[in-house]
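S.K.: Below is the structure, and that's it, no one-letter string:
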């Protein structure tokens, strides 16, 4: 009961703070952005410890995917927020002369951010940066599945950020459900499609706009590459992105690879060598590999391998360590396309390879499944690139690399269809938490009588020409009217 009372007080305070107006000023926004940068700098070691405790992340991986990426995002927002806030001049047609038009970004108000457990720092703070830049007050709900990171954010952030404008609320599904009962001006959710549907359903009760950053089975297409060095680089990038990003527990990680049959065993052999070099061979002493986040998720991933037909397709790995919640990097060659491992998002260190007679068939395979968050394609064939772009739909496409688009702030990040909707990163984060308010200022000098009754043929002709932007026709019509009236 006390928990509900405290939650109610927190929500009342952030609403009152927004109504007070101080978050709209550039000074407040910049102060909070600087505070996020200082928070990351002061607490880097504690963040690394929390990430190691929750997910077994190495400090280098933690800096690359969590601390460094958020610092970069905060610095960009700090340098650009005044420009982003400024009203943009709108083009006004001659028909409205004399007039002036602008588009003014304004904050939505009080926003709710649900963060995910797989990147518990960056997926909490990166959307927060966008919300702050846009001038909102915020309630942030970290994931309870990363308890060390959640606890650290809840205890440390309030001493850096405005505690009356930004609240960190910890808790499980009961708190999440309570938060969803409230009326928000925007909800930003990162997580699974299943929970995304619940969030969207709750938001619909109040017609609350939502951004859903979900998941999906992101395919990688590996076309025939001309040189062995190019093939080695491609396979290294695939391996690094699959197993080196939270052990495959990432919405943008490669879920499966599509390759021509003649290249399938070349791919498998190269992957084996890279796995040995990156992560080692002994399951009990695997290096640089994050653990599975919980026993529940460990059992879910392990269950994917228990199907005898799927198990028969394992060509490398397959061992599990329940005590340490680790699963060996595992390669499967041609598991059945209707098996669960090929119909559900894996979110773990298992990599199915699907061999095809012709790489063109990869488009058919992708299109037979829900639209993915990202498509990766290694190819030098420009015609094939165009075919991928025009014949598939996805949140993004990256050629000749994997996952790096996530840290490119000048490109929007987000999904389509089941993989989500809405965009963020860089200026797109600011836009995600802003309402673009149209402003039109008119003069009293000219009055177009054709907009008013009584109606006649001249007014019909005038409106037809006006709506077709035929200004020469309007002038001729006016001159003709003047001659007739003489």
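M.R.: Looks like it came in fine. Predicted, not measured: the structure shown is a model, and the values here were computed from it.

S.K.: most centrally placed residue in this structure?
M.R.: Central residue of the chain (Cα atoms, centre = their mean): residue 414, 4.1 Å from the mean position.

S.K.: Please name the nearest non-neighbouring residue to that residue.
M.R.: Closest residue to residue 414 apart from its sequence neighbours, by Cβ to Cβ, 6 or more residues apart in numbering: residue 423 at 4.1 Å. Every C-beta, even on glycine, is put in place using the N, C-alpha and C of the backbone.

S.K.: Please work out how many residues are found near the one you found.
M.R.: Residues lying near residue 423 (other Cβ atoms under 10 Å) number 20.

S.K.: same check, this time on residue 59
M.R.: 15.

S.K.: Report pLDDT for it.
M.R.: Residue 59 carries a pLDDT value of 96.

S.K.: Who are the contact partners of it?
M.R.: Counting by Cβ atoms under 8 Å, 6 or more residues apart in numbering, residue 59 touches 48, 52.

S.K.: picking up where we left off before, show me what contacts the residue nearest to the centre of the chain?
M.R.: Counting by Cβ under 8 Å, 6+ apart, residue 414 has contacts 211, 213, 395, 420, 421, 422, 423, 424.

S.K.: ok, the second one - contacts?
M.R.: The contact partners of residue 213, by Cβ under 8 Å, 6+ apart, come to 188, 189, 190, 191, 251, 413, 414, 415, 420, 422, 424.

S.K.: and it, how far is that from residue 69?
M.R.: From residue 213 over to residue 69 the distance is 15 Å, taken as Cβ to Cβ, to the nearest Å.

S.K.: One more: residue 131?
M.R.: 17 Å.

S.K.: between the two, who's got more neighbours?
M.R.: Taking neighbours as other Cβ under 10 Å, residue 131 and residue 69 compare with residue 131 leading, 30 against 20.

S.K.: Low-confidence regions, the stretch 251-400 of the chain specifically.
M.R.: For the stretch 251-400 of the chain, applying pLDDT under 70 flags the ranges 283.

S.K.: need the strands for it, in chain order.
M.R.: Secondary structure of the stretch 251-400 of the chain by DSSP state E, counting those that start in this stretch: the strands cover 256-260, 314-316, 320-321, 326-327, 330-333, 350-356, 375-378, 397-399.

S.K.: Point out the most buried one among those.
M.R.: For the strands of the stretch 251-400 of the chain, the largest average neighbour count (mean count of other Cβ atoms under 10 Å) is found in strand 375-378, namely a mean of 25.

S.K.: And it, what does it pack against?
M.R.: Secondary-structure packing of strand 375-378 (3 or more Cβ pairs under 8 Å, 6 or more residues apart in numbering; DSSP states H and E): strand 219-222, helix 228-243, helix 382-391, strand 397-399.

S.K.: what's downstream of the shortest one, the next helix or strand?
M.R.: Heading C-terminal from strand 397-399, the first helix or strand you meet, by DSSP states H and E, is strand 420-421.

S.K.: which secondary structure elements does the helix or strand just after that following strand contact?
M.R.: From strand 420-421 onward toward the C-terminus, using DSSP H and E, the following helix or strand is helix 427-432. Here helix 427-432 touches helix 68-85, helix 122-133, going by 3+ Cβ pairs under 8 Å, 6+ apart.

S.K.: Excluding sequence neighbours, find me the nearest residue to residue 54.
M.R.: Leaving aside its sequence neighbours, residue 54 sits nearest to residue 146 (Cβ to Cβ, 6+ apart; 4.2 Å).

S.K.: count of neighbours near the one you found?
M.R.: 27.

S.K.: Make 696 the first number, not 1, from now on.
M.R.: Understood, numbering begins at 696; the last thing we discussed is residue 841.

S.K.: ok now do it, which residues does it touch?
M.R.: Listed by Cβ under 8 Å, 6+ apart, the contact set of residue 841 reads 745, 749, 750, 812, 815, 988.

S.K.: show me the contacts for the last one.
M.R.: This means residue 988. 749, 750, 812, 813, 840, 841, 944, 1020.

S.K.: same thing with the fifth one?
M.R.: Contacts here follow Cβ under 8 Å, 6+ apart; on that basis residue 815 touches 745, 746, 749, 750, 761, 837, 838, 841, 844, 845, 848.
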